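S.K.: give me coordinates for this.
(one chain, ligands or ions: 3)
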Amino acid sequence: MSDIITATAHTNIALIKYWGKENVDLNIPTTSSLSMTLDKFYTRTSVEFNNSLAQDTLILNEKEVDPSRVHRFLNIFRSEVADFGSVLVISKNHVPTAAGLASSASSFAALTGAMSGLLDLNLMPTQMSRYARRGSGSASRSIFGNFAIWNKGEDEESSYAESFLNEDIELSMIVAEVSATSKKMSSTKGMQLAQLSPDYATWVERSAVQLKEMKAAILRSDIERVGLIAQENSLAMHDLNWNCPEPFDYFTDKTRELISFVDNCYKEGLLAFVTIDAGPNVKIITSRAQEKYILKRLQDNFPDLQFDIAHAGPGIRVEV
Ligand code: ADP
Ligand code: DP6
Ligand code: CO
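M.R.: Ligands and ions are numbered 1, 2, ... in the order given. Below is the predicted model of the structure:
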C-alpha cells in the first residue's frame with residue numbers, strides 16, 4: 001500500500017446556487033443546485049497516516065493552519081469506516097482561499113478522493129459525492145467534470161451530486177478578482193442567516209423553476225438563457241442576505257461597478273452576465289466566441305483588477 005495518496009479536484013461555480021440547509025450536520029440542502037466545474041482553479045491534497053502527530057494536522061499553502069474543520073471531516077471516516085490515528089493533510093489551493101471562489105468545494109472533494117485512496121475504499125462517484133458533501137455542500141459537485149447537478153435529496157443516502165452533462169457548451173467564465181482575501185462571513189454562516197429572510201420561501205420556490213429552465217438551456221447550449229437565469233438566481237441570493245434579520249453584504253463598490261458594467265454590455269447586445277458567490281469576486285458568463293472581446297473591455301475599464309478566463313474543467317483525479 002502506498003503511504004501517501006494525492007488527489008486533485010477543481011472548483012465549481014453554481015449556475016443555480018445552494019444557499020441554505022435542511023440539515024446542518026449532514027449538509028442536506030434546501031434546494032437542488034447545478035454547477036460548472038472550472039479548468040483554471042483547483043486544489044491538490046495529499047494525505048498520510050502519521051502516528052507521531054498528536055492530532056490531525058493541516059498544512060495549507062505551506063503553512064500549518066487550524067485543522068478543526070478537516071478533523072471533523074476525518075472523524076466521519078473514523079466512525080463509519082475504521083478507526084485510525086492522526087492524519088497529515090498537505091494541501092495547495094490553486095484558487096484564493098475563502099474568497100467566494102469555491103475553495104471549500106475543490107478542497108473537500110480533493111480530500112475525499114485522497115482519503116478514499118488512503119483507506120482503499122474504492123468508492124463509486126456517487127459515494128464520493130456524499131462524503132464530499134459532508135465536508136462542504138458545494139464539494140459534492142466537484143467530483144464531476146463539466147456540468148453537475150446536486151439533487152437535494154432528503155437524507156444522507158439520497159443527497160448527492162451526479163453528472164448532468166459531461167461536455168463543454170462553449171460557455172466561458174471570466175473571473176474578476178476584486179479581492180483574494182478571506183471573507184468575514186463564511187458560506188456556512190451566511191446561508192444560515194439568509195434562511196431567516198422573509199423572502200426565503202419564495203427564493204426556494206423560484207429556484208426549482210429556474211433549475212428546470214437552466215437544464216433545458218444547457219442542453220440547447222443557449223448561453224444567453226443560461227446567463228440570464230444564473231444572474232437572476234445569484235442576485236436574488238444576495239437579496240436574501242440584505243433582507244434578513246441580521247443583514248450582511250458580500251459586495252464591495254467594485255462588485256457593484258462590475259455588475260452595472262456587465263449589464264451595459266448586455267444592453268449593447270453582447271453576451272455578458274454575472275454570477276456571484278459568497279464573496280466580492282464576480283464571475284462574468286459569456287461565450288467562447290465573445291470572451292476575448294469582453295475581456296479586453298473589462299481590462300480597459302478596470303485596469304487595477306486581475307481577470308482570468310475559465311472554461312469547463314475535469315472531475316476528480318486520484319494519483320496512483
Ligand atoms: P469558499 O468561498 O472559498 O468556498 P468557504 O467559506 O465556503 O469559502 O470555505 C472556506 C473554508 O474551507 C476555509 O476557511 C477552510 O476551512 C476550508 N478550506 C479551504 N481550502 C482548504 C484546503 N485546501 N484544505 C482544507 N480546508 C480548506
Ligand atoms: C454561494 O458549500 O461553501 O458558493 O456547505 O457550509 O461548506 P458549506 O457551504 P459552501 O456554500 C457554497 C455557497 C455558494 C453557492 C454554491 O456553490 O452553490
Ligand atoms: Co465554499
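S.K.: quick one: contacts of stretch 210-220?
M.R.: Residues from elsewhere that reach stretch 210-220 (Cβ atoms under 8 Å, 6 or more residues apart in numbering): 15-16, 31-34, 147, 149, 164-165, 169, 225-226, 229-230, 232-233. (Each C-beta comes from the backbone N, C-alpha and C, glycine too.)
S.K.: what's the PyMOL syntax to select whichever of those are buried?
M.R.: Buried members of the contacts of stretch 210-220, defined by 16 or more other Cβ atoms under 10 Å, are picked up in PyMOL with:
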select buried, resi 15+16+31+32+33+34+147+149+164+165+169+226+229+230+233
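S.K.: in helices, which of the contacts of stretch 210-220 appear?
M.R.: 225, 226, 229, 230, 232, 233 (DSSP state H).
S.K.: which of the residues you listed lies closest to residue 42?
M.R.: Comparing the ones in helices among the contacts of stretch 210-220 against residue 42 with Cβ to Cβ picks out residue 230 as the nearest, at 21.5 Å.
S.K.: so that closest one sits against residue 272, correct?
M.R.: No. The criterion here is Cβ atoms under 8 Å, and residue 230 misses it with residue 272 at 11.9 Å.
S.K.: any residues in contact with both of the two?
M.R.: Shared contacts of residue 230 and residue 272, counting by Cβ under 8 Å, 6+ apart, come down to residue 285.
S.K.: show me the helices in the protein, by range?
M.R.: Using DSSP H, helices in the chain cover 68-80, 103-118, 125-135, 187-194, 200-219, 223-242, 253-267, 291-301.
S.K.: nearest to ligand 3, out of those?
M.R.: helix 103-118 (3.2 Å; Cβ to the ion).
S.K.: and the residue nearest the centre of the chain, what does it touch?
M.R.: For the chain, the residue nearest the mean C-alpha position is residue 102 (3.8 Å; Cα atoms, centre = their mean). Residues near residue 102 by Cβ under 8 Å, 6+ apart: 11, 12, 13, 41, 95, 138, 142, 277.
S.K.: same check on residue 284?
M.R.: Residue 284 neighbours (Cβ under 8 Å, 6+ apart): 173, 174, 175, 176, 258, 262, 272, 273, 274, 294, 298.
S.K.: nearest residue to it in space, please, no chain neighbours.
M.R.: In space, and not counting its chain neighbours, residue 284 is closest to residue 174: 4.2 Å by Cβ to Cβ, 6 or more residues apart in numbering.
S.K.: show me what contacts the one you found?
M.R.: By Cβ under 8 Å, 6+ apart, residue 174 lies in contact with 283, 284, 286, 291, 294, 295, 298, 307, 308, 309, 310.
S.K.: same question, residue 195
M.R.: 20, 21, 30, 244.
S.K.: nearest to ligand 2, of those residues?
M.R.: residue 21 (7.2 Å; Cβ to the nearest ligand atom).
S.K.: so that closest one makes contact with residue 28?
M.R.: Yes. Taking Cβ under 8 Å as the definition, residue 21 is a contact partner of residue 28 at 6.4 Å.
S.K.: stretch 137-146 and ligand 1, any residue contact?
M.R.: No. Using Cβ under 6 Å from any ligand atom, we find that stretch 137-146 stays clear of ligand 1, coming within 6.6 Å at best.
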